[in-house]
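Asks: Provided below for reference: sequence and predicted model.
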Amino acid sequence: MRPEVVQTTIDEKYINLQNNPQLSMWTNMGKNNEKIFLNKEGNYIETNDLIFKFMNDDTEHKHFLDLGTGNGELLVHVNKLLNIPFDCIFGISAVDHRPVDSIIPNTSYLIMNVDNLNEWSNKITTLKYSLIVSSSTFYHLVDPLTVLETVYDLLEINGLAIIRHIPLSILRINARHLEFLLQKEGHTVCVIEMMNSPGNYLFAIAKRAEIPTLILPFEYTGGIISVSGSYTPHKDKSTSLVGISEELKVPLPFPPAVDNIRAALSNHPVFKNVSRLEPLAE
């Protein structure tokens, strides 16, 4: 249950967003052709390419959800190019920005507040999704952390969520530390800063059967981010890496220089799928 001050702020911000004259302009800019910085080699991948590759594997009953769908252009692409029926495709928007000739039915296009995703009880929240995406939406939210936890809950086993524009800088959360803590819990997760949107991050996570719930080590309590767990970030790189080493019980090398500690950590199972220890603790 959120603190009352948080829910009040959510309700007020949603009303302001609905009445913002710039919302239509943002929607009309389009997003289906954006690129995502996703794989560990640092390559860019077209959004459409990834979505279509992930959804088009001849598996029946796949469900797709777009949080902040705007004019619904992405829903139409998934429907037409992959021949996935609209009863398996859903989008959520703050206001109805569908064009007058839109083919998207009302049952697939819901006007709701994404910030309240954890409290909904309707068709959308009774389904499990193969793929959940969001772009240019999470930086409008008051409590994006709770929404991320709900997104994970809505994924089917081996489902994937790709959420962009998460304002970790505003939340004062270090992306590397967040990624480290979740990987330590066994999650398949990637957190990367968006080069074309400074301060905002891409969060990609796959749901595994052995980890049914996502519990982020942070909680928004109304202007305050509280941290759970014993690990606290430090400004100094060497000190921060020492903290990670102690957390993982990795013997410190001598001399305990930054590069030496990174080399020692790189052999730990937590980082077996991570190729970029260089920015760790920055």
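Replies: Thanks, I have it. Numbering: from 1, shown residues only.

Asks: Tell me, how many residues neighbour the nearest residue to N113 once chain neighbours are set aside?
Replies: Spatial nearest neighbour of N113, chain neighbours left out: Y14 (4.5 Å); criterion: Cβ to Cβ, 6 or more residues apart in numbering. C-beta here means a position set from N, CA and C on the backbone, and glycine is covered the same way. Residues contacting Y14 under the criterion other Cβ atoms under 10 Å number 19.

Asks: show me what contacts Y14?
Replies: Applying Cβ atoms under 8 Å, 6 or more residues apart in numbering, we find Y14 in contact with 94, 113, 115.

Asks: So which of the residues you listed wins on neighbours?
Replies: Neighbour tally across these (other Cβ under 10 Å): the maximum, 26 neighbours, falls on D115.

Asks: Wasn't it part of a helix?
Replies: Yes: counting by DSSP: H, G, I helix; E, B strand; the rest coil, D115 is found in a helix.

Asks: from what I can see it touches V142, true?
Replies: Yes: using Cβ atoms under 8 Å, D115 is in contact with V142, at 5.6 Å.

Asks: shared neighbours of those two, anything?
Replies: 10, 13.

Asks: picking up where we left off before, helix/strand/coil for the residue nearest to N113?
Replies: With three-state DSSP as the criterion, Y14 reads helix.

Asks: and what of V191?
Replies: strand.

Asks: Looks to me like L148 is in a helix.
Replies: Yes: residue state for L148 (three-state DSSP) corresponds to a helix.

Asks: Helices of the stretch 51-200 of the chain, start to end?
Replies: With helices called from DSSP state H, counting those that start in this stretch, the stretch 51-200 of the chain shows them at 73-82, 123-126, 144-154, 168-171, 175-184.

Asks: Next, format those as JSON lines and append distance to L214 and mean pLDDT.
Replies: Compiled in JSON lines, the helices of the stretch 51-200 of the chain are given as follows (distance: least, Cβ to Cβ, whole Å; pLDDT from 0 to 100):
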{"stretch": "helix 73-82", "distance to L214": "24", "mean pLDDT": "86"}
{"stretch": "helix 123-126", "distance to L214": "16", "mean pLDDT": "84"}
{"stretch": "helix 144-154", "distance to L214": "4", "mean pLDDT": "94"}
{"stretch": "helix 168-171", "distance to L214": "16", "mean pLDDT": "84"}
{"stretch": "helix 175-184", "distance to L214": "8", "mean pLDDT": "83"}
